[in-house]
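Participant: Here's my sequence, what's the structure:
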Amino acid sequence: MNGRLKSVFGGRIVLDKREDILQAALELFAERGYYGTAVSLIAEKARVGSGTIYRYFQDKEQLVNELYRYWKTEVANAVKVEYAENMPLRTLFHETWKRWVDFAMNNREAYSFLVAHHHGPYLDKVSMEINEKIHGEYLAFFEVGRQAQVIKDINPELIMAIVTGIFSEMMREYWAGHLQLTPEIIEQAEEACWHAIRR
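Facilitator: Okay, here's the model as predicted:
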């Protein structure tokens, strides 16, 4: 998704059109949503003809699903922390939070896209299976903490909503220019999350 090089002619770098389409779609879906993004807009932004898009993707639904699967997997890999035996859950939470911030700050369109399309009715079976698998791994962490009496004895889905809600709102405020994400602010937000869910 980073514009893989296809060829070079006379010193001019030519990017893979498929990658151009995916990047344009990502930016538009993040900004305008699925229903507000017409194929013609994607073609215009990618600087290709509308017919070219259908050479690579059956329709807009296939395009949004490919993007969703790719970036959902990317963020999961980016924030994953190898769990060492006897690692305190607080340490694991801290490392995950830190990586989550790094990913969101370095991939604004991708993170905004994932948040906006998380429950989209146009997501297909494969996308939903990937989402459920990754979501289940996060829930398992909170369940372990609940069983160990480190995290509050409440529904793990609610705990997940609390954490992701605080994080996503923090990023929206940052991108809107209302909040400066200094190391101190990032640490304060993490602490607020942890205190909200810990016993």
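Participant: for this protein, which helix is longest?
Facilitator: Using DSSP state H, we find that the single longest helix of the chain is helix 125-147.
Participant: Could you give the separation of that helix from the chain centroid?
Facilitator: Distance of helix 125-147 from the chain centroid (CA atoms, centre = their mean, to the nearest Å) equals 15 Å.
Participant: Could you pull out the buried residues of the helix or strand following it?
Facilitator: Sequence order places helix 156-175 as the next helix or strand after helix 125-147, per DSSP states H and E. Using 16 or more other CB atoms under 10 Å as the test for burial, helix 156-175 gives 156, 159-160, 162-163, 166-168, 170-171, 174. Yep, even glycine has a C-beta here, placed from its N, CA and C like the rest.
Participant: Export these to JSON lines and append columns for distance to Val150.
Facilitator: Listed next are the buried residues of helix 156-175 as JSON lines, based on distance: CB to CB, whole Å:
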{"residue": "Pro156", "distance to Val150": "13"}
{"residue": "Ile159", "distance to Val150": "12"}
{"residue": "Met160", "distance to Val150": "16"}
{"residue": "Ile162", "distance to Val150": "15"}
{"residue": "Val163", "distance to Val150": "14"}
{"residue": "Ile166", "distance to Val150": "18"}
{"residue": "Phe167", "distance to Val150": "20"}
{"residue": "Ser168", "distance to Val150": "24"}
{"residue": "Met170", "distance to Val150": "23"}
{"residue": "Met171", "distance to Val150": "26"}
{"residue": "Tyr174", "distance to Val150": "29"}
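Participant: Distance of Gly50 relative to Ile42?
Facilitator: Just to correct that, residue 50 is Ser rather than Gly. Noted for Ser50: a distance of 8 Å to Ile42, by CB to CB, to the nearest Å.
Participant: That'll do, ta.
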